[in-house]
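> the following block contains a protein sequence and its predicted model.
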2 protein chains.
Amino acid sequence: MQQGGRLTIPTELDMVDETLKLISDLDADAIRDCDGTEMPAELQHCGAKIYATYYTTRKDNDWAEKNPDEVQQEYLSTDRYTADSESLTIELMKGFHTQQLKVNDLDDPKRWWEVMDRTSGEAVCISDWEYNRDNGTVQIKTIPFHVYTVSFLAFLIWDPVHMYNFITNDWKDDPHQCTLDVRQPKTQAHVKEKLKLFCQNHPEINVIRFTTFFHQFTLTFDDHKREKYVEWFGYSASVSPYILKQFEQWAGYPFRPEYIVDQGYFNSLFRVPSKQFRDFIEFQQIEVCKLAKELVDIVHSYGKEAMMFLGDHWIGTEPYGKYFASIGLDAVVGSVGSGVTMRMISDIKGVKYTEGRLLPYFFPDVFCEGGDPIREAQQNWLQARRAILRSPLDRIGYGGYLKLATEWPGFIDTIKQVVSEFREIHEKTADSKSSTASFKVAVLSSWGHVRSWMNNQVHHSIYHREIYSYVGVIECLSGMPLDVEFIDFDDVKNGLDPSIRVIINAGDRDTSWSGAEYWLDESVITALRKFVHDGGGFIGVGEPTAIQHQGAFFQLRDVLGVDEEVGFSLSTDKYNDCNPDHFIMRDLSEPLDFGEGQNRVYAYGENYQILAMDREYTQMAVNSFGKGRSVYFAGLPYSPQNCRLLLRAIYYAAHQEESMLEYFVTNPDTEIAAYEKNGLAAVINNTDRMQKTSVIIHGREEETLDLKPREMRWISIH
Amino acid sequence: MQQGGRLTIPTELDMVDETLKLISDLDADAIRDCDGTEMPAELQHCGAKIYATYYTTRKDNDWAEKNPDEVQQEYLSTDRYTADSESLTIELMKGFHTQQLKVNDLDDPKRWWEVMDRTSGEAVCISDWEYNRDNGTVQIKTIPFHVYTVSFLAFLIWDPVHMYNFITNDWKDDPHQCTLDVRQPKTQAHVKEKLKLFCQNHPEINVIRFTTFFHQFTLTFDDHKREKYVEWFGYSASVSPYILKQFEQWAGYPFRPEYIVDQGYFNSLFRVPSKQFRDFIEFQQIEVCKLAKELVDIVHSYGKEAMMFLGDHWIGTEPYGKYFASIGLDAVVGSVGSGVTMRMISDIKGVKYTEGRLLPYFFPDVFCEGGDPIREAQQNWLQARRAILRSPLDRIGYGGYLKLATEWPGFIDTIKQVVSEFREIHEKTADSKSSTASFKVAVLSSWGHVRSWMNNQVHHSIYHREIYSYVGVIECLSGMPLDVEFIDFDDVKNGLDPSIRVIINAGDRDTSWSGAEYWLDESVITALRKFVHDGGGFIGVGEPTAIQHQGAFFQLRDVLGVDEEVGFSLSTDKYNDCNPDHFIMRDLSEPLDFGEGQNRVYAYGENYQILAMDREYTQMAVNSFGKGRSVYFAGLPYSPQNCRLLLRAIYYAAHQEESMLEYFVTNPDTEIAAYEKNGLAAVINNTDRMQKTSVIIHGREEETLDLKPREMRWISIH
């Protein structure tokens, strides 16, 4: 019997009939409005649950105009300017968009700004610079040929997401929505009252979908209305003197703008976080979650559910942080851009259910000439499905303009297929967990658990040439029959969970993901050597354990059996030969792909076997160290074949080659997810082509399947 | 009238007739023996000058056996070993060849060895380790899972070059020649006496060709007789307790093995040199040059000339060092592997003449099936010729087994052509200097002048994937109409020579060539900014001025207009567009080739123009800074086209675009060298194909030439 429900669709004012037809066709059980759309009154009693997209921080310009001191602020840094004499004048807003940001000169610049000498690394004495309110410049007494920046506060007078949507959709008349700082006392009281009123006036609404709480991730535009700085994880726009004074009290030391500005890197997740930044986000989490709980309590007091959108003004909620569960949300909804971003939602604890908004978003940037929304939907589903089989979402949904979707020939049929497979998963598995290996796999970085499924990412599932060879690692993991943990270096130092048998370290040198200076910590190094020596597995990707120290660049080069040539050991001959005959290499059908890879890694020691080389250098190798094993990859972009390589590498590193065959399919373009309690397994074809694959259960080949493009086939495993 | 002479050829015992014929055919004026050959008595009065290859340090095993304490020593480090308990036993000679090296346990290990904890970076207390003489191991009290190495002294019981020649030529019966330490008192006296006797007994010999003086560059073999560690510049095999005690007195602080072992990198030229290593090579130069002078004086006292081979045991002579001229040599001879290595010889001051040994060396590794000695000779000459036109050698020669050369069909004709062109250069130019730009170009590195024409090299003209994109810079320069200087960071700090108008910085991050921590020196940074701001030119190749500091990776990113994305600024959007329309790009005929290049460089600021991109990243850009200009190249392997790019880049950076056309040829596969005093210019075709090229003199096109493959054409420039 086919289940219905578990599906949310967007609607809008002029789409009442189409919405009703779609509710019926797709058996949707919830409808929602979106930014730029409104819920039609006619649908209030259509039988579906009604979500109201709710903004605490914007759509209230009246209030913003009356309370300019409680508009949200952001720390900005000017560009870098070189002094060619003993004075320098810097125009603060140069390169920023003055419609988005406005210098905060209400609060004392000398208290809250900082002029930095980027040559010496020191702040310029406050008596050596002056702000000129009339022309928005700072004049600095300088040392000739030093470089200077000014860190200053600005008001977010145009909400970044509204601005983005406005530009993307080419809106014309909509007034620019200002961002309120809900943390400040007047606005906080006002927002609470407004929420109460809204709940009271909208008995038809079942779910308040907070989009989101208080602080927008950093999304700054330049003077051409182009994106200038975008970090989905960024805290730069969560500041105000009001908050920072509280932070000083909590932290017990004075705040400096540099803690946020961070040399102009603004604490990108790729930076090893400073103590002060860790303190700051801890403080923000405490305060954001406390206030969010108060809003959620209001929603609950009206008998409604509270749902949070994982995005936009999500900063400070940190779903994998210590305080998130205390908010008391009923649900989280987020955008599913890949397996990784699916897991980022579905693994969240502390909510009753999770919902994934699948792609494409019904926006004119995809539903247009040259766009291929059907293919996007299929690809999105292929990547999401393999992850959903491991850690299911409770619901899925779509967002944007319904009109665009219904008018695109064949698009609704594509969705229908996706929805049907999604429901089938729930129906067949009855929410039992798919079978996983007997051991855990841990991904080690400076961030650990709080950034679960966020490793090596710049912006929510946006491709960057510098990251895809690393993001592939967690993308592969997102759909694997493995329990995955995200750990940090303190977890290593404090004693690893003994169920962890394989540790993965993937990232570029100097970044938080690889670990940088943590690899100089004797206790980290020795603990990991002992872990592997005693039989554990270690997998390095790219520049693992990398920092120059005492004759080594990869600090665990003894464990990994590889190191990187940084130029200092060119005089040492390296006699590296490739021998690809190995357990890990058994299922190859395509050329190896290490993405951007690393091209100066060589094998080292007496216990290695090189599995792949690029001319004289190593792209893939295994090594034994004591009773343990390691595997090195130069890079690992997501592909079905790389999933298979990583799967084999993990089982090899764990000394569990045989148990890999517990539930296994021979063709790497296919995967199997077994549900032992239910006696069923799903075999999926992750490609757009027909695939033949043999199914192995408990080590024995059971049957050979011919799978249609993208097919999911359920088989009995009794 | 064609000149004769200026040519040295090798001979051997059974080649008397062939030698006489060749002397006549090639009009050679000198003959020489080589390692493994002997001078036939019949040639003593053939009319040619006679060189005797003279070894101070070897071919005297009797002496070595009687004076085992005065055999040359080398600092070795064992491989890195990880302790898995509280003790660790390391076998010292594991991985070394026991026929080449033997542990020195005559001198107190506790005084001269060091056991290093490579995890903590500290030396293990001497009471916590013991040397076991019986089995050649060191037992160490360890901290579990720390990594250890032992630095120890070993005797060089088989001379590295003799071993290399022995293996390469598959010699069988020749006894392994031991290396003597000529610096030690007994051997020093013995060697002097022997030299006197040799001079006395060989009145027929005109030139003592020292091959070389006292210390072999580091050339260590592994236990399979393969090269293990090779550095042509290495000082590791120039040590002994006798010398090190003197060093301690001279330097005024105690010596540590780590000063030589350097974490296992052995002070590779790629390392920014430590103060202690700089001190050590200074001390060695003083002592080596002093003793070398004594030997040269002996030679002179017998009315003979003293010539030094630039190679083998050349360590401590440093021809670009402060003490070289004091040796009083008549000549230097060296191997010409390229334009760079040619200049490394021909630019040496303090000798009466220079001689280049062209390639190929007549050894069976080239004169064999699959080898192509003719092509090697032609290519070698093409690269040497363009450099010789700028800074001529006085003589050329060949080495090895004459038999191999005379028996190879067509080879002697090839040489004849080379020799004839070489003489033509001398005849036409009458030793006047070819015309150069009115300004100087300086190559900036941590090494500066003392390593002139040695930048970014591992071993004398050996290709490495990691270096060719940088060596190309000086290879291009070696044949350009420019006065080139090699400067270090002290030269920058102490005030640049005002005739320098363009500074080049080329190398990988962290290396001595790029400069590493020197770029944190405020006085360096501000001096260079001022230099460019006032109108100077700066050319960066690869990772110039690179070190992470205060929001920048290229510390002169303001000057260069580019920086490298190290992962911290991925959130910052880069709107880089390519515009190849530029003075520098005018003569392109082939695809651009940046070699290994850098692939994460982006343009930055308001004054750049990107000339070439690899997808989103910049491979070549120009920038203006104040009145000055800069040019960035991702890499610059040697090719005729890249010579042209660099030539244009230099004239552009110097604001001297017009003066480039003083003497110019339009086709980049050709070059022109003008000799104003003589009213002549040589136009050369640097390729194996016909080339058409137009000659521009004083900015006016004068004529168009059709050049045959490899042709050198002399034209009048009056």
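Everything's here; your move.

> secondary structure element for the most centrally placed residue in chain A?
Compute the mean C-alpha point of chain A, and by Cα atoms, centre = their mean the closest residue is residue A:454, 3.9 Å away. Per DSSP states H and E: residue A:454 is located in neither a helix nor a strand.

> that one touches residue A:447, doesn't it?
Yes - in this structure residue A:454 lies within contact range of residue A:447 using Cβ atoms under 8 Å: 7.3 Å. Backbone N, C-alpha and C define where each C-beta goes, glycine included.

> which phi and psi does the residue in the stretch 1-150 of chain A that chain B sits nearest to have?
As assessed by Cβ to the nearest Cβ, chain B sits closest to residue A:145 within the stretch 1-150 of chain A, at 3.9 Å. With angles defined as degrees, to the nearest 10, residue A:145 sits at phi 70, psi 20.

> per-residue confidence at it?
According to the prediction, residue A:145 has pLDDT 98.

> tell me, what's touching residue A:454 and residue A:447 both at once?
Taking Cβ atoms under 8 Å, 6 or more residues apart in numbering or on different chains as the contact rule, residue A:454 and residue A:447 both touch residue A:269.

> where does chain A have low pLDDT?
Chain A contains residues with pLDDT under 70 at A:1-3.

> so which elements touch the longest helix along it?
Scanning chain A for the helix with the most residues, using DSSP state H, yields helix A:275-301. Applying 3 or more Cβ pairs under 8 Å, 6 or more residues apart in numbering or on different chains; DSSP states H and E, one finds that helix A:275-301 makes contact with helix A:185-201, strand A:207-210, helix A:241-251, helix A:258-261, strand A:305-310.

> from residue A:575, how far off is residue A:585?
Per Cβ to Cβ, to the nearest Å, residue A:585 is found 22 Å from residue A:575.

> higher neighbour count, the two?
residue A:585 (18 against 12; other Cβ atoms under 10 Å in any protein chain shown).

> apart from its chain neighbours, what residue comes closest to that one?
Distances taken as Cβ to Cβ, 6 or more residues apart in numbering or on different chains place residue A:611 nearest to residue A:585, at 5.9 Å, with adjacent residues excluded.

> chain B versus residue A:259, what's the distance?
Residue A:259 sits 14 Å away from chain B, going by Cβ to the nearest Cβ, to the nearest Å.

> let me see the contact set for the residue nearest to that residue when sequence neighbours are not counted.
Spatially, and ignoring its direct neighbours in sequence, residue A:259 is nearest to residue A:276 (4.2 Å; Cβ to Cβ, 6+ apart). Applying Cβ under 8 Å, 6+ apart, we find residue A:276 in contact with A:251, A:256, A:259.

> filter the residues you listed to the buried ones?
A:251, A:259 (16 or more other Cβ atoms under 10 Å in any protein chain shown).

> for stretch A:51-59, how far is the first residue from the last?
One end of stretch A:51-59 to the other measures 17 Å (Cα to Cα, to the nearest Å).

> one more: stretch A:224-244?
31 Å.

> tell me the buried residues in that stretch?
Buried residues in stretch A:224-244, counted by 16+ other Cβ under 10 Å: A:227-244.

> got phi/psi on residue A:264?
Per degrees, to the nearest 10, the backbone of residue A:264 is at phi 100, psi 0.

> ok, it - contacts?
Neighbour list for residue A:264: A:77, A:80, A:149, B:551, B:569 [criterion: Cβ under 8 Å, 6+ apart].

> from those residues, which two are the most distant?
Maximum pairwise distance among the contacts of residue A:264 (Cβ to Cβ): 13.6 Å, between A:149 and B:569.

> looking at these two, which is more packed in?
A direct count of neighbours by other Cβ under 10 Å for residue A:149 and residue B:569 places residue B:569 higher, at 25 against 22.

> so how many other residues sit close to the closest residue to the more buried one other than its chain neighbours?
In space, and not counting its chain neighbours, residue B:569 is closest to residue A:265: 6.1 Å by Cβ to Cβ, 6+ apart. By other Cβ under 10 Å, 19 other residues sit near residue A:265.

> which residues does residue A:265 contact?
Contacts of residue A:265 were listed using Cβ under 8 Å, 6+ apart, and they are A:271, B:551, B:568, B:569.

> surely the second one meets residue A:80?
Yes - distance between residue B:551 and residue A:80: 6.9 Å, which falls inside the contact criterion (Cβ under 8 Å).

> domain map for chain A?
A:7-58+A:187-227+A:249-255+A:272-428, A:440-658, A:663-716 (automatic domain parsing).

> most tightly surrounded among those domains?
domain A:440-658 (a mean of 21; mean count of other Cβ atoms under 10 Å in any protein chain shown).

> mind checking the end-to-end distance for that domain?
Span of domain A:440-658 from end to end, Cα to Cα: 16 Å.

> next: stretch A:10-19.
8 Å.

> who touches it?
A:9, A:31-34, A:37-40, A:42-43, A:46, A:362, A:397-403, A:406.

> cool, stretch A:710-718 as well?
Contacts for stretch A:710-718 (Cβ under 8 Å, 6+ apart): A:378, A:381-382, A:385, A:421, A:424-425, A:428, A:663, A:674, A:676, A:679-688, A:695, A:697, A:703, A:705, A:707.

> now stretch A:456-463
Among residues not part of stretch A:456-463, those counted as contacts by Cβ under 8 Å, 6+ apart are A:230-232, A:268-270, A:311, A:335, A:337-338, A:340-341, A:464, A:467, A:470-471, A:473-474, A:506-507, A:511, A:513, B:570-571.

> in helices only, show me those residues.
A:340, A:341, A:470, A:471, A:473, A:474.

> looking at those residues, which is nearest residue A:327?
Nearest to residue A:327 out of the ones in helices among the contacts of stretch A:456-463 is residue A:341 (Cβ to Cβ; 20.7 Å).

> please look at that closest one and residue A:453 and confirm they touch.
Yes - in this structure, residue A:341 is within contact of residue A:453 by Cβ under 8 Å, at 7.3 Å.

> whichever residue of the stretch 251-400 of chain A sits closest to chain B in helix, strand or coil?
Minimum separation of the stretch 251-400 of chain A from chain B (Cβ to the nearest Cβ) falls at residue A:263, amounting to 3.6 Å. Using DSSP: H, G, I helix; E, B strand; the rest coil, the structure places residue A:263 in helix.

> for residue A:529, give me its contacts.
Residues near residue A:529 by Cβ under 8 Å, 6+ apart: A:556, A:558, A:559, A:625, B:82, B:145.

> quick check: it vs residue A:502, distance?
From residue A:529 across to residue A:502, the span is 15 Å (Cβ to Cβ).

> and what of residue A:316?
33 Å.

> same deal with residue A:38?
For residue A:38, the distance to residue A:502 - Cβ to Cβ - is 50 Å.

> what does the stretch 601-718 of chain A put close to chain B?
Contact residues, the stretch 601-718 of chain A versus chain B (Cβ under 8 Å from any Cβ of the partner chain): A:605, A:615, A:616, A:625, A:626.

> pretty sure residue A:141 contacts residue A:126?
No - applying Cβ under 8 Å, one finds residue A:141 not in contact with residue A:126, separated by 11.1 Å.

> overlap of the contact sets of those two?
With Cβ under 8 Å, 6+ apart as the test, residue A:141 and residue A:126 reach no residue in common.

> in contact with residue A:136: list those residues for me.
A:91, A:92, A:93, A:103.

> likewise for residue A:635?
Each residue near residue A:635 by Cβ under 8 Å, 6+ apart is listed here: A:469, A:470, A:472, A:541, A:542, A:594, A:595, A:596, A:597, A:598.
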